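Enquirer: sequence first, then the predicted structure, then my questions.
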Amino acid sequence: MNSDSSIKNAVRAGYALHVATASGAVAGMLALQAVIDGRWRAALLWLIFCQVLDGLDGPIARRIDIHVHAPKIDGHILDLVVDYITCVLVPIALLIQLGLLPEGFQTLIAGAIFLSSALWFARTDLETEDHWFNGFPAVWNLAVPTFLIMDMSSRNVLIVSTILCISQLTNFKMPHLVRVVKLRWLTLPLAIIYLVNLAILSWDFNPLAVKHYDGLEYWILMGFPIYLFVISAWRTWFPKLKLPFIGGITA
């Protein structure tokens, strides 16, 4: 009886988690509505909420063996559908609505982002066995708010966006922030600090009076992507290189 009860609870928990994951699409809709209405702060905060939700549902799903107890819904496909909305569609709407790209390039770059991201989500080699992503993992929901908050010039936004688009079709390794074991003791706390910092800056954001940051907020906002690039380059080009006290980058 206890065993049957445990199984039923696991099934309920599994499908409840699927619903929670799918609710990210609703949060994405609210973010898109905020973009349409010109409520930039709300749009940014909804995007961060979606990122936090995306980071939490995976570990919980693996912990409760969701593929065993709630098999009628493919959690991986569900996650990809929601991610395309929250990580690509909404951020690019924000990118266009605020005119962050040079005039005449908005449609070209937005189309390139949608195209490269669709191809990336459909890659059969999306993730390595040790949970590194192949190519930029389409986290435009973090890239675009950074462009906005840092008040980057349209020329720089164009250059960075083009580089990220191209990188989505490469085998440049980028870490899954939760699942990559190597350096997780450092990567995960830095990711949390980065997201908290981004949330604070998003709450404080005013498009009519953009602040120029040069203190701790700036170094956190720029430092974490630089850290990710360094360990990604290490994993991609020098995976056998061992450093003192750390060893090699591969698990």
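Expert: Cool, got the structure.
Enquirer: and residue 206, that one's in a strand?
Expert: No. Read with DSSP: H, G, I helix; E, B strand; the rest coil, residue 206 is coil and lies in no strand.
Enquirer: how close does it sit to residue 89?
Expert: 25 Å (Cβ to Cβ, to the nearest Å). In this view, the C-beta of every residue, glycine as well, is placed from N, C-alpha and C.
Enquirer: more crowded one of these two?
Expert: residue 89 (20 against 9; other Cβ atoms under 10 Å).
Enquirer: ok, now which ones touch the more buried one?
Expert: Residues near residue 89 by Cβ atoms under 8 Å, 6 or more residues apart in numbering: 28, 32, 114.
Enquirer: now do the phi/psi pair for the last one.
Expert: Main-chain torsions, residue 114, degrees, to the nearest 10: phi -60, psi -40.
Enquirer: show me what contacts it?
Expert: Contacts of residue 114 (Cβ under 8 Å, 6+ apart): 88-89, 92.
Enquirer: can you pull the pLDDT of it?
Expert: pLDDT, residue 114: 96.
Enquirer: equivalent analysis for the first one, please.
Expert: In this prediction, residue 28 carries a pLDDT score of 93.
Enquirer: assess the claim that it and residue 84 are in contact.
Expert: No. Using Cβ atoms under 8 Å, residue 28 makes no contact with residue 84, being 9.2 Å away.
Enquirer: which one of the contacts of residue 114 is nearest to residue 40?
Expert: Distance ranking of the contacts of residue 114 against residue 40, using Cβ to Cβ, places residue 92 first at 14.9 Å.
Enquirer: report the contact partners of the closest one.
Expert: Contact analysis of residue 92 by Cβ under 8 Å, 6+ apart lists 110, 113-114, 140, 144.
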